[in-house]
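Engineer: The following comprises the amino acid sequence and a computationally predicted model.
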Amino acid sequence: MLAVALVHSTALMLERLPERPPAWLTRGERTFAYPHHEWRKPRVWCLAFFTDRHPRFEQRSIIGVGTVFPGRRSGTYERALIARDFTALERPLRLVDLETPMGASRRFLKDDGHMPPAAGRNLLSAVRNLRPELSELLDGLEAGLGANAPTGEVGERLSLEKDAVGTLLEATGMDRDPLEAWQPPLGEDGPRSRSVPFLEGLPSLRQIEDQQIVHDYMRFPGMDGEDAVQVGWRIYRRSTESSHRLFVFNANRTQAEAAMGVDMIYVNEHAHSVAMVQYKRMRQSGRNWVYWHDGTGERELKRMEAVDAECDPAWNETGRPSAGTPGDPRLVTTPSMVKLCRTTPFMMNSAALIPGMYLTREHFSELLQRPEATGPSGGTRIVEHSIPRYLNNTTFTTLLRDGWLGTRGTSSDYVIELIRRSLSSEGPGSVVVGIHRSEVPPGNRRVN
């Protein structure tokens with residue numbers, strides 16, 4: 001159902017919204033501090049009519065249309081408001097001219113925010129009747145907001161990519177709220193390619209102000225014009241004062257609707273550490289949820305073994321990870337882990353993580369070698385209820401954030417090599433990378 005909002009523009013919105021947005025903001029996304037008002041739930045993207053906020057209602061007019069998403073409260077009296085696709089009206093439309101055609105819903109013209117469904121429909125209909133020249137513009141906005149969540153293999157891949165982005169945000173101590181603002185990215189003639197990365201559906205709100213980030217961003221695979229790769233990227237901060245920044249990179253092979261899975265790579269630049277998670281989907285079989293290990297899964301397991309051996313030379317000699325470096329202990333010193341999770345449909349307007357089980361690669365291999373891993377008709381499987389111990393989302397993100405998981409002394413060039421492997425024909429075809437930059441070392445360390 002289409003949501004409609006009335007936004008009484010602040011002074012800054014009146015000044016900035018009509019300006020031509022920077023080229024890197026493909027849909028003109030801007031975020032503003034907006035007077036706090038309890039918008040009707042759920043929090044969704046709304047087709048918005050912007051007014052000039054004249055103090056007298058009789059002289060107040062609609063001066064533009066676009067779309068908005070209400071962020072969470074950013075202070076006692078304000079909330080963040082994301083606005084995009086703004087178009088200024090050549091002729092403002094007075095609110096008093098809308099009262100008669102809106103009937104009993106006219107009382108909501110003095111309110112702001114997400115309107116009740118009937119009032120929103122009446123407002124949209126009244127504007128169309130009074131300004132028929134706006135019909136094409138409104139049709140385009142409605143089409144973008146009315147898109148359904150992707151389903152099938154594409155929806156499953158997007159669900160895993162979304163979980164990876166949310167996990168990276170959680171691991172760096174940031175809110176997952178941006179995930180709620182996802183919308184299917186649009187091209188000139190409708191929805192973009194089915195292989196577009198999840199990040200492309202999130203608002204682009206931060207300018208790249210750090211030239212070092214620009215340098216690193218241009219060095220990632222796909223950014224330098226590589227064929228058959230589609231890329232999305234975003235930058236997030238804990239707050240404007242925080243030194244913690246998360247650069248998120250999401251790339252897919254062009255034929256990613258046939259992707260076998262998703263790799264998540266977390267890089268902590270301060271600790272020079274890397275952790276990598278391979279997502280494994282469980283399918284329902286009767287009353288049970290089961291992961292079936294096939295030839296593709298075995299190749300990916302071998303790829304993880306090779307990565308662990310390259311990152312921890314002691315592995316080649318003993319077959320076990322090294323004990324650690326004095327002053328920098330780790331619970332797991334090799335990068336490769338697995339997340340087993342149920343096949344989940346893609347959900348819009350949600351920031352929830354997929355419930356799942358994080359396992360070290362060694363633990364995952366051991367489960368595959370147990371007698372009960374042999375299926376009744378052959379084949380190798382892992383049944384969900386047969387896994388006695390694992391890390392859940394909360395435990396995993398806490399250990400990752402505090403620096404207890406991952407390698408040491410890993411170079412950025414090796415991270416790029418990991419990305420290339422994930423996007424190669426031997427990899428799953430989709431990768432989500434989070435680079436955590438901060439002047440503060442990870443972990444709950446003692447401060448002298």
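Structural biologist: On my side now, so go ahead.
Engineer: now the helices for the stretch 301-448 of the chain?
Structural biologist: 313-318, 361-368, 393-401, 412-423 (DSSP state H, counting those that start in this stretch).
Engineer: again, but for the stretch 51-200 of the chain
Structural biologist: Under DSSP H, counting those that start in this stretch, the stretch 51-200 of the chain gives helices at 96-102, 117-130, 135-145, 152-171.
Engineer: what bits of the stretch 251-400 of the chain have low per-residue confidence?
Structural biologist: 253-261, 312-328 (pLDDT under 70).
Engineer: to the chain's geometric centre, what's the distance from stretch 133-143?
Structural biologist: Offset of stretch 133-143 from its chain centre (CA atoms, centre = their mean, to the nearest Å): 27 Å.
Engineer: Redo the helices of the stretch 51-200 of the chain as a markdown table? Include mean neighbour count.
Structural biologist: (C-beta placed from N, C-alpha, C; glycine too.) Below are the helices of the stretch 51-200 of the chain laid out as a markdown table (neighbours: other CB atoms under 10 Å):
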| stretch | mean neighbour count |
| --- | --- |
| helix 96-102 | 15 |
| helix 117-130 | 18 |
| helix 135-145 | 15 |
| helix 152-171 | 23 |
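Engineer: could those helices be laid out in JSON lines, adding mean pLDDT and distance to Glu58?
Structural biologist: Listed next are the helices of the stretch 51-200 of the chain as JSON lines, based on pLDDT from 0 to 100; distance: least, CB to CB, whole Å:
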{"stretch": "helix 96-102", "mean pLDDT": "94", "distance to Glu58": "6"}
{"stretch": "helix 117-130", "mean pLDDT": "94", "distance to Glu58": "17"}
{"stretch": "helix 135-145", "mean pLDDT": "89", "distance to Glu58": "25"}
{"stretch": "helix 152-171", "mean pLDDT": "91", "distance to Glu58": "46"}
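Engineer: export those helices to CSV and tack on distance to Phe198?
Structural biologist: Below are the helices of the stretch 51-200 of the chain laid out as CSV (distance: least, CB to CB, whole Å):
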stretch, distance to Phe198
helix 96-102, 38
helix 117-130, 29
helix 135-145, 17
helix 152-171, 4
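Engineer: quick one: contacts for the closest residue to Phe346 other than its chain neighbours?
Structural biologist: Residue nearest to Phe346 in three dimensions, not counting chain neighbours: Gly155, with 3.8 Å by CB to CB, 6 or more residues apart in numbering. Gly155 makes contact with 149, 345-346, according to CB atoms under 8 Å, 6 or more residues apart in numbering.
Engineer: Give the bridge partners for Pro70, please.
Structural biologist: Here Pro70 sits in beta bridges with Leu81, going by DSSP bridges.
Engineer: In this structure it contacts Ala83, no?
Structural biologist: No - with contacts counted by CB atoms under 8 Å, Pro70 stays clear of Ala83, the gap being 10.5 Å.
Engineer: how about the helices of the stretch 51-200 of the chain, which one is nearest Thr31?
Structural biologist: Checking those against Thr31 by CB to CB gives helix 152-171 as the closest, at 16.7 Å.
Engineer: Go through stretch 66-83 and flag the buried ones.
Structural biologist: Under the neighbour-count criterion of 16 or more other CB atoms under 10 Å, stretch 66-83 has 66-71, 78-83 buried.
Engineer: for stretch 432-441, that is, sorry about that
Structural biologist: 432-438.
Engineer: mind checking the SS state of Asn252?
Structural biologist: State at Asn252, reduced to three classes by DSSP: H, G, I helix; E, B strand; the rest coil: strand.
Engineer: Count the residues that sit near Ala88.
Structural biologist: Neighbours of Ala88 under the rule other CB atoms under 10 Å: 12.
Engineer: just Arg53 next, same as before
Structural biologist: Arg53 has 17 neighbouring residues, counting by other CB under 10 Å.
Engineer: can you pull up the bridge partners for the spatially closest residue to it that is not a sequence neighbour?
Structural biologist: Ranked by CB to CB, 6+ apart and with sequence neighbours excluded, the top spatial neighbour of Arg53 is His8, at 4.3 Å. For His8, the residues forming beta bridges with it (DSSP bridges) are Thr51.
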